Every structure is written in C-alpha cells, then in structure tokens.
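> here's my sequence, what's the structure:
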Amino acid sequence: MPSTMPSQSHYIPSLSTLLFQLKSLRQQNTSLHPIDPLLRQLDESCQHFDHSLHLLGLEFNQVSTALSALAAMLEQSKLDTLECEQVYCLLEPFAHRLQQTTRQMQELA
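From the prediction side, this is the model:
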C-alpha cells in the first residue's frame with residue numbers, strides 16, 4: 001500500500017527563487033501588469049526579511065560565542081564548587097544548541 005505521507009526530501013525553493021520566478025512569468029505575460037505593485041512590495045519584504053535574518057544570525061553568533069567562552073572558562077576553572085559545576089552543566093548544552101541554531105540561521109540567510 002503506497003504511503004500518503006509527503007516525502008521528507010521534497011525541495012522547497014527559497015523566497016528569493018520564488019520571487020524571481022514570479023518576475024520572470026510577469027515579464028513573459030504583459031496582461032499580468034496589475035500585479036507589479038505587489039511584486040515590488042514582495043521584493044521589499046524579501047529584502048527586509050533577508051536583512052533581519054542576517055542581523056538575527058549575527059546576534060545569535062555573538063550570544064553563542066559569549067556562552068561558549070563562559071562555558072570554557074568554567075570548564076578550565078580550578079574551582080571545585082558545586083555551583084560552578086551546576087552552572088557549567090546548564091550552560092554547555094545551551095551553548096551547543098545555540099551554536100547549532102546559529103549555523104542553521106546562517107544557512108537560511
């Protein structure tokens with residue numbers, strides 16, 4: 001019996017690719033001129049989205065770097081206190097997850 005679930009490897013084009021395709025279709029068909037203002041607005045929105053995504057990526061990178069440095073400091077610290085170990089145990093996985101999120105955000109940008 002064939003599966004009705006969508007394939008996980010389905011290609012999803014980027015927003016900029018879709019916009020490019022829409023602009024190409026518009027150029028091929030002059031009767032679509034009423035959508036020109038919407039295409040311009042969509043283009044501006046895409047640029048704003050790309051810029052915001054870039055800024056978020058930079059922010060995530062700064063936070064990730066700071067948390068990684070703090071975790072490294074705690075790991076190298078010679079303090080044998082329970083509080084230090086607890087803080088390290090909380091920060092290290094968080095820093096790792098934040099690094100992964102930063103890489104994913106940069107791939108999207």
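
> Tyr88 - how many residues pack around it?
For Tyr88, the count of nearby residues is 16 (other C-beta atoms under 10 Å). For glycine as for every other residue, the C-beta is placed from the backbone atoms N, C-alpha and C.

> make sure it is actually in contact with Leu74.
Yes: counting by C-beta atoms under 8 Å, Tyr88 does reach Leu74; the two are 4.2 Å apart.

> after the helix or strand hosting Arg40, next one along is what?
In this structure, Arg40 sits in helix 36-76 according to DSSP states H and E. Scanning forward in sequence from helix 36-76 by DSSP H and E, the next helix or strand is helix 82-108.

> that next one vs helix 36-76, what angle?
For helix 82-108 against helix 36-76, the angle between stretch directions is 150 degrees (axes from the mean of the first three to the mean of the last three C-alpha atoms, to 10 degrees).

> just the buried residues of helix 82-108, please?
When burial is assessed from 16 or more other C-beta atoms under 10 Å, helix 82-108 yields the following buried residues: Tyr88, Leu91, Glu92, Ala95, Leu98, Gln99, Thr102, Met105.

> tell me the average confidence for that helix?
Summarised as a single mean, pLDDT over helix 82-108 is 77.

> run a quick neighbour tally on the closest residue to Met105 other than its chain neighbours.
With sequence-adjacent residues excluded and distances taken as C-beta to C-beta, 6 or more residues apart in numbering, Met105 is closest to Gly57, at 4.4 Å. By other C-beta under 10 Å, the residues close to Gly57 number 19.
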